[in-house]
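> fold the following and give me the result.
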Amino acid sequence: MNSTLSLYFILMFGFIMCAAYFFYPILEKRVIHKLASYVEYCQSVSYKMYEEMSRKNIITTIVLLTLGFGAIGFWITRGQGLVQYLFTFGFAFVGFHLLKIYLNFRWEKRLQKFDEQLVDALTLLSNSLKSGLNLSQGIQVLITEMHEPISQEFGTVMSQEKLGRTLDEAFETMMERIPSEDLAIAINSILILRETGGDLSETFQTISETIRQRRKIEGKIKSMTAQGKTQGAILMLLPFALIVAMYYLNPTYIMPLIKTELGWVLIFVMLVFQAVGFFWMRKIIKIDV
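Predicted coordinates:
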């Protein structure tokens, strides 16, 4: 019997070692490729926000967040068997993607602020052209008079022109860097009119007025969907509020949910459905104009 068990363990060990030998290079390549693409994405986003982050700092942040969130998941479910490992890996997964989520949030806020400033920028360019300035001089006035981020973006356009690129090429690069529909309309109008000839000041005035009308429609849509957003937030917070309330009102009733392995499984399932519901509801109430 002992010899049979020994042979069994030897065969299992040999199988595991062979699997590790053949599949580890593939797994390592995929992990390294994913991490490299993740780091490059974070670098590109930080570069577009004029806040360059080194690869070392990005990798260090990702590792610390992954280990930190994994430790939190491990600590809150300590002594719960397999659930402990489920929460540890789940929290570590969230920590791994947290830097990307943070950078995307800041980038979206920057784009939103840029779009809000674009109307005033186009009006300023229109008035500058009407006063007799050319387009480059009008952009210099815009850089001086307006705040970030739009002053930074147009400052980059002028810097590229000084380095030898044409103004059209600098505008095309700006359009690739900033995914804004309003900016794309404005830049395409500039490129067409500079090639065919036309009144840029009148075009800027028309575009700014069109954007203002779109902003009014977007404001009405936001006010109409505000109730849905509030209801969604309440539904997201309600389970956590009930758990806290039941913990203080009737601890013996809620303890099986916190002290048992099945309870933590149910909590994990609840968190997954909460995340799915959040993204689903966000997609429903997001209306493009």
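> which residues of this protein score low on pLDDT?
By pLDDT under 70, the weakly predicted segments of the chain are 1-31, 79-83, 197-198, 225, 228, 284-289.
> please parse it into its domains.
Split into domains by automatic domain parsing, the chain comes to 1-48, 224-285.
> spatially nearest residue to L124, not counting backbone neighbours?
Leaving aside its sequence neighbours, L124 sits nearest to L142 (C-beta to C-beta, 6 or more residues apart in numbering; 5.4 Å). Any C-beta I mention is one placed from the backbone N, CA and C, and that applies to glycine too.
> tell me the first helix or strand C-terminal of the helix or strand where that neighbour lies.
Assigned by DSSP states H and E, L142 falls within helix 135-145. Going down the chain from helix 135-145, the next helix or strand is helix 150-162, by DSSP H and E.
> and the helix or strand following that next one, which residues are buried?
Downstream of helix 150-162, the first helix or strand assigned by DSSP H and E is helix 167-177. Residues 167, 170-171, 174-175 are the ones in helix 167-177 that count as buried (16 or more other C-beta atoms under 10 Å).
> and if you look at stretch 92-108?
Neighbour counts over stretch 92-108 (16+ other C-beta under 10 Å) mark 92, 94-96, 98-99, 103 as buried.
> returning to that earlier point: which ones are touching the residue nearest to L124?
L142 is in contact with 121, 124-125, 128, 150-151, 154, counting by C-beta atoms under 8 Å, 6 or more residues apart in numbering.
> hmm, try it at 10 Å
117, 120-122, 124-125, 128, 150-151, 154-155, 157-158 (C-beta atoms under 10 Å, 6 or more residues apart in numbering).
> buried ones among the residues you listed?
Buried among the contacts of L142 by 16+ other C-beta under 10 Å: 117, 121-122, 124-125, 128, 150-151, 154-155, 157-158.
> got those residues as TSV, with distance to I58 columns?
Shown next, in TSV, are the buried ones among the contacts of L142 (distance: C-beta to C-beta, whole Å):
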residue	distance to I58
Q117	29
A121	32
L122	36
L124	37
L125	37
S128	40
I150	27
S151	27
F154	28
G155	26
V157	28
M158	30
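> out of these, which comes closest to R214?
Lowest distance from R214 to the buried ones among the contacts of L142 (C-beta to C-beta) belongs to L122, with 12.9 Å.
> distance check, the closest one against I211.
The gap separating L122 from I211 is 7 Å, by C-beta to C-beta, to the nearest Å.
> remind me what the helix or strand that contains S208 packs against, helices and strands.
Assigned by DSSP H and E, S208 falls within helix 200-249. Helix 200-249 is packed against helix 82-130, helix 135-145, helix 181-196, helix 251-259, helix 261-285, with contacts defined by 3 or more C-beta pairs under 10 Å, 6 or more residues apart in numbering; DSSP states H and E.
> and the longest one, what other elements does it pack with?
To tie it back to what came earlier, the one meant is helix 82-130. Contact here means 3+ C-beta pairs under 10 Å, 6+ apart; on that basis helix 82-130 packs against helix 2-48, helix 55-76, helix 135-145, helix 150-162, helix 181-196, helix 200-249, helix 261-285.
> between the ones you listed, which one is nearest to Q84?
Using C-beta to C-beta, those put helix 55-76 closest to Q84, at 6.2 Å.
> what's the closest one in contact with?
With contact meaning C-beta under 10 Å, 6+ apart, helix 55-76 is reached by 35-36, 38-43, 46, 53-54, 83-100, 102-103, 258, 264, 267-268.
> go again with 8 Å.
Taking C-beta under 8 Å, 6+ apart as the rule, helix 55-76 contacts 35, 38-39, 42-43, 84, 87-92, 94-96, 98-99.
> what are the buried residues along that helix?
For helix 55-76, by 16+ other C-beta under 10 Å, it's 58, 62, 65-66, 69-70, 72-74.
> nearest the middle, which residue of the chain would you pick?
Centroid-nearest residue in the chain, with C-alpha atoms, centre = their mean: N104, separated by 2.2 Å.
> how about the contacts made by the closest residue to that residue other than its chain neighbours?
Take N104 and drop its neighbours on the chain: the residue closest to it by C-beta to C-beta, 6+ apart is V45, 7.1 Å away. Contacts for V45 (C-beta under 8 Å, 6+ apart) come out as 103-104, 107.
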